[in-house]
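# quick check, what structure comes out for this input:
(one chain, ligands or ions: 1)
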Amino acid sequence: MIVVDSVVKKFGNIAAIDTVSFKVNEGENVVLLGTSGCGKTTMLRMINRLTETTSGNIYINEKNIKNVPPEELRRNIGYALQHNGLFPHYTIAENIAIVPELLNWPKEKITKRTSELLEQLHLPQNYLSLYPQELSGGQQQRVGLARALAADPPLLLMDEPFGALDAVTRANITNEFSKLEVLKNKTIVLVTHDIREAFQLGNKILLMDKGKVVQEGAAPDLLFNPVNNFVTSFFEDQRMQLELNAVLLKDIWNYLPSINQEEITDGIIDIDNNIWQALYLLLNKKNKSIVLHNALTAEMKTANYDSLFTAFSNYKQQRYE
Ligand SMILES: Nc1ncnc2c1ncn2[C@@H]1O[C@H](COP(=O)(O)OP(=O)(O)OP(=O)(O)O)[C@@H](O)[C@H]1O
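Here you go, the predicted model:
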């Protein structure tokens, strides 16, 4: 759907984006991840021509966006911002209706769509007549999302959409967001500096540094197959948390280390120290002497590390008590 081809953006002599290429397939959720100043926002803004490229090309559905007038281009692209950008003197209904109004939709269609979006984003209908400042940060963020989705654009660009929220609200809304029906089938490019958010929301992550994409891949690729020390150290502090929360066993299946049978005494592996290997062994080898074997069912492959760990710990505890 989107092809970014050798794009460069210079501000003066400084290249904020230095020869970046990537593809976003239809329905994919791609996250641009990186520390402050690495060029994420600049890259995002070039996709809807809020910022123009210095060189290189961007294609959306095979059309070079240079040849599409910005207003026309943006009609098919929703844009959600960190500080939600809601107009304080417009009601919630008026804020959501901005794009449909520009598109001259009939009144009834706008009313229907606005109320439908509110419902899909789990906001009560009586909020329609309120003003943004009467809502909490998280609720405002959802209204910002409703506004970006108003004309049902196939493509959504999101710049730190949860960045203004406190950590707890942010974690909750990120979780909810990943399950929203209204976002299914949308192609999304999302900018964040939050690693956990990236892992939770992205099918594909582009890890950026100094205007370049250092590595592109799914979360397990970045975690278990880093291309260089920058990638390793970027995730180091949160490695354990990421493994606990973001990675499913089936995702890391191909990266699991092999295990030496002799390391197992009496068929018992110390799962506290070596859970990945224990899981590998349990799933891969149907060895009856392994006590934990029966604890793991095929469905558990779709559980995350955290729930697997709890399940194993309970099992182990029961066994030794
Ligand atoms: N309009 C501009 N004029 C001059 N320099 C700019 C402009 N916009 C961005 N830059 C510079 O380009 C670089 C990349 O900025 P950008 O905002 O894209 O980074 P970012 O990764 O999104 O950072 P943050 O997470 O802090 O928003 C920075 O060095 C920034 O100072």
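# C-alpha from now on. contacts and neighbour counts both.
Noted.
# run through who's touching the helix or strand containing residue 189.
Take DSSP states H and E as the rule and residue 189 turns out to sit in strand 187-192. Defining contact as C-alpha atoms under 8 Å, 6 or more residues apart in numbering, one finds that strand 187-192 is touched by 24-34, 40-41, 44, 154-161, 163, 198.
# do it and the ligand meet at all?
No: applying C-alpha under 6 Å from any ligand atom, one finds strand 187-192 out of contact with the ligand, separated by at least 7.0 Å.
# check contacts around residue 73.
Contacts of residue 73 (C-alpha under 8 Å, 6+ apart): 48, 65.
# ok, residue 214 to the ligand distance?
13 Å (C-alpha to the nearest ligand atom, to the nearest Å).
# that residue: what's it in contact with?
Here residue 214 is in contact with 206, 207, 208, 227, 231 (C-alpha under 8 Å, 6+ apart).
# before we move on, what SS does the third one have?
Spelled out, that is residue 208. strand (DSSP: H, G, I helix; E, B strand; the rest coil).
# can I assume it is in contact with residue 231?
No: checked against C-alpha atoms under 8 Å, the pair residue 208 and residue 231 is beyond contact range at 9.5 Å.
# residue 229 versus residue 218, what's the distance?
From residue 218 across to residue 229, the span is 18 Å (C-alpha to C-alpha, to the nearest Å).
# which one of these two has more residues nearby?
Neighbour count, other C-alpha atoms under 10 Å: between residue 218 and residue 229, residue 218 has more, with 17 against 8.
# hang on, the earlier thing: residue 208 and residue 231: which has the busier surroundings?
A count of neighbours by other C-alpha under 10 Å puts residue 208 above the other of residue 208 and residue 231, at 23 against 18.
# how about that one, what does it touch?
32, 33, 34, 35, 38, 39, 40, 214, 215 are the contacts of residue 208 under C-alpha under 8 Å, 6+ apart.
# skipping adjacent residues, who's closest to it in space?
residue 34 (5.0 Å; C-alpha to C-alpha, 6 or more residues apart in numbering).
# just checking, that neighbour touches residue 210?
No: proximity of residue 34 to residue 210 does not meet the contact threshold set by C-alpha under 8 Å, at 9.1 Å.
# these two: which is more packed in?
Set residue 34 next to residue 210 and count neighbours by other C-alpha under 10 Å: residue 34 wins out with 24 against 17.
# thinking again about what came up before, ok, the strand holding residue 189: who's next to it in the sheet?
strand 29-33 (parallel), strand 155-159 (parallel) (DSSP bridges).
# CA atoms only for the helix or strand following the first one - export them in CSV, please.
In other words, strand 29-33. Next helix or strand after strand 29-33 toward the C-terminus (DSSP H and E): helix 40-47. Output in CSV follows, covering the C-alpha atoms of helix 40-47 (Å, rounded to 0.1, in the frame of the first residue of the first chain):
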residue,chain,number,x,y,z
LYS,A,40,10.1,9.4,13.3
THR,A,41,7.7,12.4,13.1
THR,A,42,9.4,13.8,10.0
MET,A,43,9.0,10.4,8.3
LEU,A,44,5.4,10.2,9.2
ARG,A,45,4.6,13.7,8.1
MET,A,46,6.1,13.1,4.7
ILE,A,47,3.5,10.3,4.1
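# got the buried residues for whichever helix or strand comes after helix 40-47?
Next along the chain after helix 40-47, taking DSSP H and E as the criterion, comes strand 55-60. Of the residues in strand 55-60, 57, 58, 59, 60 count as buried by neighbour count, 16 or more other C-alpha atoms under 10 Å.
# ok, those vs the ligand, which is closest?
Using C-alpha to the nearest ligand atom, residue 58 is the member of the buried residues of strand 55-60 that lies nearest the ligand, at 16.6 Å.
# next one: that closest one from residue 128, what distance?
Counting by C-alpha to C-alpha, the gap from residue 58 to residue 128 is 37 Å.
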